[in-house]
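J.: A structural model of the following input is requested.
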Amino acid sequence: MTSPNARIDHLVTSGTFSLDGGTWDVDNNVWIVGDESEAIVIDAAHDAAAIEAALGGRTLVAVVCTHAHNDHIDAAPALAAATGAPILLHPDDLPLWKQTHPDRAPDGELADGLTLTVAGVELTVLHTPGHAPGAVCLYAPELSTVFTGDTLFQGGPGATGRSFSHFPTIVESIRQRLLTLPPDTVVRTGHGDPTTVGEESPHLQEWIQRGH
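T.: Purely as a prediction, here's the structure:
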């Protein structure tokens, strides 16, 4: 049963994204799902202290990584060390993880169909490769929300112009796994503003024609 106090908290942290020899300034969305006593963090980006402060003393059940680009995982080890929470990542993203944290492995694996439970809320892992091989989204039907990391944004798919990414794959992931969700499902993204499945689904053919 969903906790009547289950909620989604949101903070934005700032830092850099680095891959393939380039570095860019980025603002990242960090999502916290839980109630007054426990929570999970989705994407521990840039600032472990700010994320820990936002938890407000709640038990952190897990640090969940939607993918292993450095801007989504750079604060994960410090947050895990401060809270004792395990870091969970899809194993297909281990090569990317090791670029940022060569000496600290994740604590557990995410897999398609795995269910994580916090505050009575179930979050189902959807493996959605394309932006990264091990990219996942987390679907919480009781909250009418899907956390998409960098797979789907307001206005289209995540970037596929760098190593480990593939445009046809991300389009198939979005078509099969995300646009099949109820239209009123809120899409909470890794960067930028939320959208809904219903707002994005009419544009699939445009994205395919636009290609990369």
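J.: and for Ser201, the neighbour number?
T.: Neighbour count for Ser201, taken as other CB atoms under 10 Å: 15. Any C-beta I mention is one placed from the backbone N, CA and C, and that applies to glycine too.
J.: which residues touch it?
T.: The contact partners of Ser201, taken as CB atoms under 8 Å, 6 or more residues apart in numbering, are Leu179, Pro183.
J.: measure it to Arg175 for me?
T.: When CB to CB, to the nearest Å is the yardstick, Ser201 and Arg175 sit 9 Å from each other.
J.: now the lowest-mean-pLDDT helix or strand in the chain: buried residues?
T.: Among the helical and strand segments of the chain, the one scoring lowest on mean pLDDT, DSSP states H and E is helix 204-210, with a mean of 90. Of the residues in helix 204-210, those with enough neighbours to count as buried (16 or more other CB atoms under 10 Å) are Trp207.
J.: do the same with stretch 110-125
T.: By neighbour count, and taking 16+ other CB under 10 Å as the criterion, the buried residues in stretch 110-125 are Leu110, Leu114, Leu116, Val118, Ala119, Val121, Leu123, Thr124, Val125.
J.: what's the closest of these to Gly134?
T.: Nearest to Gly134 out of these is Leu110 (CB to CB; 7.7 Å).
J.: all strands of this structure, in order?
T.: In the chain, strands defined by DSSP state E lie at 7-19, 22-34, 38-42, 59-64, 87-89, 108-109, 115-118, 121-127, 136-140, 145-149, 152-153, 156-157, 186-189, 195-196, listed in chain order.
J.: can you list these in a markdown table and add mean pLDDT and distance to Ala78?
T.: Putting those into a markdown table (pLDDT from 0 to 100; distance: least, CB to CB, whole Å) gives the following:
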| stretch | mean pLDDT | distance to Ala78 |
| --- | --- | --- |
| strand 7-19 | 98 | 12 |
| strand 22-34 | 98 | 13 |
| strand 38-42 | 98 | 12 |
| strand 59-64 | 98 | 10 |
| strand 87-89 | 99 | 11 |
| strand 108-109 | 98 | 18 |
| strand 115-118 | 98 | 21 |
| strand 121-127 | 98 | 23 |
| strand 136-140 | 99 | 22 |
| strand 145-149 | 98 | 20 |
| strand 152-153 | 98 | 27 |
| strand 156-157 | 96 | 30 |
| strand 186-189 | 98 | 23 |
| strand 195-196 | 98 | 31 |
